[in-house]
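Peer 1: no sequence on hand, only this structure:
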């Protein structure tokens with residue numbers, strides 16, 4: 001439920017609500033590290049949507065370090081006219 005609220009706050013570019021929901025998630029679910037990392041990414045996306053890219057990077061990095069977890073980076077590609085771009 002909290003991830004849905006956080007996603008909605010991100011979609012509506014509501015910085016205050018996204019921070020509040022994330023803080024509540026950290027308080028209620030301190031052991032749910034993967035959900036908290038996902039939440040941190042959503043909050044950092046809100047910061048980026050306001051053009052605060054450095055704040056977004058710092059927030060995401062600090063939360064991942066604080067949670068002491070490893071994050072697997074994703075990789076994707078697109079195929080156009082039988083060519084991978």
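Peer 2: Received the coordinates, thanks. Just so you know, these numbers come straight off a predicted model, no measurement behind them.

Peer 1: other SSEs contacting the top helix by length along the chain?
Peer 2: Ranked by number of residues, the top helix in the chain under DSSP state H is helix 33-49. In this structure, helix 33-49 packs against helix 2-11, helix 15-28, helix 53-67, with contacts taken as 3 or more C-beta pairs under 8 Å, 6 or more residues apart in numbering; DSSP states H and E. Placement of C-beta: from N, CA and C, glycine included.

Peer 1: how far away is residue 38 from residue 52?
Peer 2: From residue 38 over to residue 52 the distance is 20 Å, taken as C-beta to C-beta, to the nearest Å.

Peer 1: can you give me phi and psi for residue 83?
Peer 2: phi -130, psi 130 (degrees, to the nearest 10).

Peer 1: low-confidence ranges, this structure, go.
Peer 2: 71-72 (pLDDT under 70).

Peer 1: rewinding a little: quick one, the longest helix of the chain and helix 2-11 angle?
Peer 2: If you take axes from the mean of the first three to the mean of the last three C-alpha atoms, to 10 degrees, helix 33-49 sits at 10 degrees to helix 2-11.

Peer 1: could you find the closest non-adjacent residue to residue 63?
Peer 2: Closest residue to residue 63 apart from its sequence neighbours, by C-beta to C-beta, 6 or more residues apart in numbering: residue 40 at 3.7 Å.

Peer 1: if anything else comes up later, I'll come back, but that's it for now.
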